[in-house]
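sequence and predicted structure below; questions after.
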Amino acid sequence: MNTLIFRTAAPLIVIVMLVFAVFVLLRGHNEPGGGFIAGLIAAAAIAVYGMSAGVPAVERALRLPPLSIAGVGILLAIASGLLSAVVAAPFLTGLWTFIHLGETEVALSTPMLFDFGVFLVVFGTVSAIFLALETAGEAG
Amino acid sequence: MAASPDISVAVLVAAPFIAALLAPLLCRVMGRYAAWVLALAPAAIFVFLVTLIPSVAAGEVVRARYDWAPAFGIDLSFAIDGLSIAFALTISGIGALIVLYSGAYLEGHPHLGRFLGFMLGFMGVMQGLVLADSLIALYAFWELTAVASFLLIGFDHSRMVARRAAFQALIVTSAGGLCLLLGALLLQQVTGQWDLGAMAGQGPTIAGSFLLLPICFLIFIAAFTKSAQVPFHFWLPNAMEAPTPVSAYLHSATMVQAGIYLLARLSPLLGGTPVWTTTLVIFGGATMVWGSIGALKQTDLKQMLAQSTIASLGVLVLLLGFGGETATIAAIVYFLAHALYKAGFFLIAGLIDHETGSRDITALGGLRDKMAASFIAAILAGVSMLGLPPALGYLAKEEMYGVPGPLQWLEIVALLAGNTALGALAIALVARPFMGPLIPTPKPPHEGPVAMLAGPLILGILGIAAAVLIGWTATQLIVPAATVLAGHPVDNHLGFRLDLADPAIWLSLATWALSALIYWRLDTVRTTLRRLDSLLGWTADTVFDLAMAGLLRLAHGFASTWQNGRLRFYLLVIFLGLAAALILPLVILGGLSWSLISPDLRPPEWGVFALAIIGLAAVVFAPNLLVGILALGVQGLAIALLYLLFGAPDLSFTQFMVETLSVVMFALVMIRLRLDTHERRTVPAALRDGGLALLCGGGVTAVLLAILAKPFDDRLGAFFAANAVPLAHGRNIVNVILVDFRGLDTLGEISVVLTAGIGVFILIATARRVLPTETTSLAKPRRTRRPRAAKPAPEAAP
């Protein structure tokens, strides 16, 4: 599996997959996509990278342990829910604001933050399992 | 009472807890003087309660109410009436003296601050218990007293016996606590009220309910475990492992009285029913006799006192069982008298132990000159315990003998026997350590410090004063309490009078004479009883040990049967459960539908369908696991294509990713962890697994067919379709549901994903440590096939 072709192509594939994951994450509210599926795509990218470059390289690239990334995701999701307390609305009430940049209108919202949280949890958890399995294989 | 009841009651309830929190700090700063300061808290509570006495005696009930769980209609409500103030006065009054005493008793102990904190904390929960009006609050405080008792009995935690005693007390009393919770819930079901005050007058409703028996028995178990009634009495003697102030406070005057309080509090509601009278009389009587016999067997001062406490608790239960005005008044007087003399005796026992180094009555004697003040205190307590005038104990005994009951003679004989035994003990407790020739003790005897003498002396004097001033005591304390207990106003007829026509006088004389007789032959009585005991061979304590050992064996057997470490077995159970959950409701409730849907498919759809079938067939006939996993992936991708063709792009998208990742993960697990790829099932195993798979698959199919047989209800779908854009600014309904409409569900799901991830991570990390040394193939599947759990939950992406 670890051929020269794969090793050469892998970084390109990884970059494309990660960009695609972000794209899927951001379009999710209006088109097919969302945090969950984006997390899976990004985790698959990590798996590809791990198979080609090895676990230490992935760990260096991620900077944070993947389970910590997942933990940050949970906290982000909870925090996005708590934001509604500012306007005395119930937990997890969606808040929206629209920013006009010339022609385009950018929507910012707490559900978007929440979806980022979902993305980070799925990405972190699945990556953690992959990396653990890879490491186990290398050790054994 | 300038402040509103809400505020003053809140301060009253919270004060002990605040003092408890301050205790360790104060002890560090002030050392031995900390106890003097801390005793101020219960003393202040006592004074405050005393100021309340006149208005409460006049029939006023001080009520306070705080929101607790308004959604369930449960409030934290308190009520101070005649009954609760009598108990609260003993708790705070004796509490102040005990705190003072403890400071000297444990002087220099490294954990004195912790001890005083526990004591004051216990005082707070005990006071909360007797002041609580809400049944739920009562239950909560009830359980907390068990926790406090656990901490205090096990205070000397380096000793095994202390730990065992603490554990035993916790198990027995908290089992009773759970019964109390159930009983309280049933009472609420019958009366529709959480507050005891609001239940008043509903006695006939409860007596007429079919729940009367369960309620009574649950309450009885709660009260009997807490108040050490036979057959749950065994924990109390063991609890004497606690430091003596704890025994004096928790295990004679207050905590063990919680059961009595509960019965007294509920007697206007439940009292008078046949089950109430019969049960309480039988168990109270048995406890009285058993405790008396037990007390006569002992030579250790604390054990004698503990056993006599059991007997006295039996007397109280007996009196509550009789019911009626006289018995009610007798119960209240006896409760007060007992609290005063028994706490006093315990404190004296602690003094003797502290100053001489021994508390065995056969190794003590002639201390009257060396410990004159203790001797006086012992006489004061002894007079009340023996029931001599002019002590409160005398009035209690007279009142007891005046109880007209249904079993006139039997009950008189029983009470006579119990009082006689307790009287003999009273003489022994005063005479043996203090009279006769001086016996050398481990420590040269000398008088104790003021802080330790104050308690027994004040309690002894109160026991006499309350009787001398019976006019005030009766109208201000006893009759108001008895009124609450009886549920209607009761007459006061307490007082010292000499009426030779009254049989009570003669019964009292008989009690004293028989007590003296038993005391005269105490050593013979003791050896005889002990010989009988050794014939019996077992005690309730051994039964408890057997029960606990049995429980552990059961738990171990259960765990090793179901958690046997074989993943195949777990999966078998899980899938059997799944099949049962799918099929049984359909079979039992009906709804099986065999009308097949006409397959109205276009050619591409037929193609994908065929692909799925081919994938399945490949799974079944795969030569090894790796091929099987890849084939499973083919089938999964075909399903994803079907989703796409039927207009569920989100679902299809997710299914693609999940299938891809699953195949990669399974392959990783197999290759990296060197699973045996050529493992073949035996024919019986293949039949079993295949049958189970067919059962599960058939079940899912049946459920789907049953759902399709019903008309499709699209109210939810219509709601989301109509509101996704206006309410949530999103056109992708699936995503809007996930992150907005049902955001809380998603939050729960991602928590599950993370938790599962952590679990898998730990399992792999453990396997990594274990695997290199492990050569058997048995352990591997168990550790490595778990990642299947990591397959992202499909419900997260509908």
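Nice, I can see it. Residues are numbered from 1 along each chain as shown, chains lettered A, B, ... in the order given.

report the buried residues of stretch B:70-88.
Within stretch B:70-88, the residues that qualify as buried are B:74-88, counting by 16 or more other C-beta atoms under 10 Å in any protein chain shown. Bear in mind the C-beta positions are built from the backbone N, C-alpha and C, glycine included.

contacts for stretch B:620-638, please.
The contact list for stretch B:620-638 (C-beta atoms under 8 Å, 6 or more residues apart in numbering or on different chains) reads B:608-609, B:611-612, B:614-616, B:618-619, B:655-656, B:658-660, B:662-663, B:666-667, B:670-671, B:675, B:677-679.

select only the buried ones of those residues in ChimeraX?
Those of the contacts of stretch B:620-638 that count as buried under 16+ other C-beta under 10 Å are selected in ChimeraX with:
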select /B:608,609,611,612,615,616,618,619,655,656,658,659,660,662,663,666,667,670,675
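
contacting chain A as well, which ones from the contacts of stretch B:620-638?
Restricting the contacts of stretch B:620-638 to those within reach of chain A (C-beta under 8 Å from any C-beta of the partner chain) leaves B:658, B:660, B:671.

quick one: the helices in chain A?
Here chain A has its helices, by DSSP state H, at A:4-27, A:35-53, A:55-62, A:66-82, A:110-139.

just confirm residue B:312 contacts residue B:291, I think it does.
Yes - with contacts counted by C-beta atoms under 8 Å, residue B:312 reaches residue B:291, the gap being 7.4 Å.

quick one: low-confidence residue ranges for the chain.
In the absence of a named chain, this looks at chain A. Residues of chain A that meet the criterion pLDDT under 70 lie in A:1-2, A:137-140.

let me rephrase: I mean chain B.
Using pLDDT under 70, the flagged stretches of chain B are B:1-3, B:404-408, B:594-599, B:672-679, B:768-798.

which residues touch the spatially most central residue of it?
Using C-alpha atoms, centre = their mean, the residue of chain B that lies closest to the mean C-alpha position is residue B:174, 2.7 Å off. Each residue near residue B:174 by C-beta under 8 Å, 6+ apart is listed here: B:143, B:146.

same question, the one 3 residues further on
The contact partners of residue B:177, taken as C-beta under 8 Å, 6+ apart, are B:139, B:142, B:143, B:146, B:222, B:226.

filter the residues you listed down to the ones close to chain A.
Okay, of the contacts of residue B:177, nothing touches chain A (C-beta under 8 Å from any C-beta).

could those residues be laid out in CSV, adding secondary structure?
Listed next are the contacts of residue B:177 as CSV, based on DSSP: H, G, I helix; E, B strand; the rest coil:
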residue, secondary structure
B:139, helix
B:142, helix
B:143, helix
B:146, helix
B:222, helix
B:226, helix
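
quick revisit: now, the most widely separated pair of the buried residues of stretch B:70-88?
Spanning the widest gap among those are B:74 and B:86, at 26.5 Å by C-beta to C-beta.

check which helix or strand covers the residue of the stretch 401-550 of chain B found nearest chain A.
Here the stretch 401-550 of chain B gets closest to chain A at one residue, residue B:548, 40.1 Å apart by C-beta to the nearest C-beta. Taking DSSP states H and E as the criterion, residue B:548 maps to helix B:540-562.

and the following helix or strand past that helix, how far from the chain's centre?
As assigned by DSSP H and E, the chain's next helix or strand after helix B:540-562 is helix B:567-589. On the basis of C-alpha atoms, centre = their mean, to the nearest Å, helix B:567-589 sits 36 Å off its chain's mean C-alpha point.

equivalent analysis for stretch B:114-134, please.
With C-alpha atoms, centre = their mean, you get 15 Å for stretch B:114-134.

now do the buried residues in it.
For stretch B:114-134, a neighbour-count test (16+ other C-beta under 10 Å) marks B:115-134 as buried.

hang on, the earlier thing: out of the contacts of stretch B:620-638, name the ones that lie in helices.
Reading helices off those with DSSP H, I get B:608-609, B:611-612, B:614-616, B:618-619, B:655-656, B:658-660, B:662-663, B:666-667, B:670-671.

and for stretch B:650-657, what's in contact with it?
For stretch B:650-657, the external contacting residues (C-beta under 8 Å, 6+ apart) are A:32-34, A:36-37, A:40-41, A:44, B:636-637, B:639-641, B:643-644, B:732, B:734-735, B:794, B:797-798.

go with 7 Å
Applying C-beta atoms under 7 Å, 6 or more residues apart in numbering or on different chains, the external contacts of stretch B:650-657 come out as A:32, A:36-37, A:40-41, A:44, B:636-637, B:639-640, B:643-644, B:734, B:797-798.

of those, closest to residue B:182?
residue B:798 (40.3 Å).

what's the local residue count around residue 50?
Answering for chain A, as no chain was given. 24 (other C-beta atoms under 10 Å in any protein chain shown).

other chain: chain B
Residue B:50 sits with 14 neighbouring residues when counted by other C-beta under 10 Å.

and the spatially closest residue to it that is not a sequence neighbour, how many neighbours?
Distance criterion C-beta to C-beta, 6 or more residues apart in numbering or on different chains; nearest residue to residue B:50, sequence neighbours excluded, is residue B:89 at 7.4 Å. Look at residue B:89: counted by other C-beta under 10 Å, it has 20 neighbours.

tell me which element residue B:89 falls in.
Short version, using DSSP H and E: residue B:89 is in helix B:82-105.

against which helices or strands is the helix or strand following that helix packed?
Note on helix B:82-105: by DSSP H and E, the next helix or strand toward the C-terminus is helix B:112-131. In terms of contacts (3 or more C-beta pairs under 7 Å, 6 or more residues apart in numbering or on different chains; DSSP states H and E), helix B:112-131 is packed against helix B:5-30, helix B:34-38, helix B:82-105, helix B:135-153.
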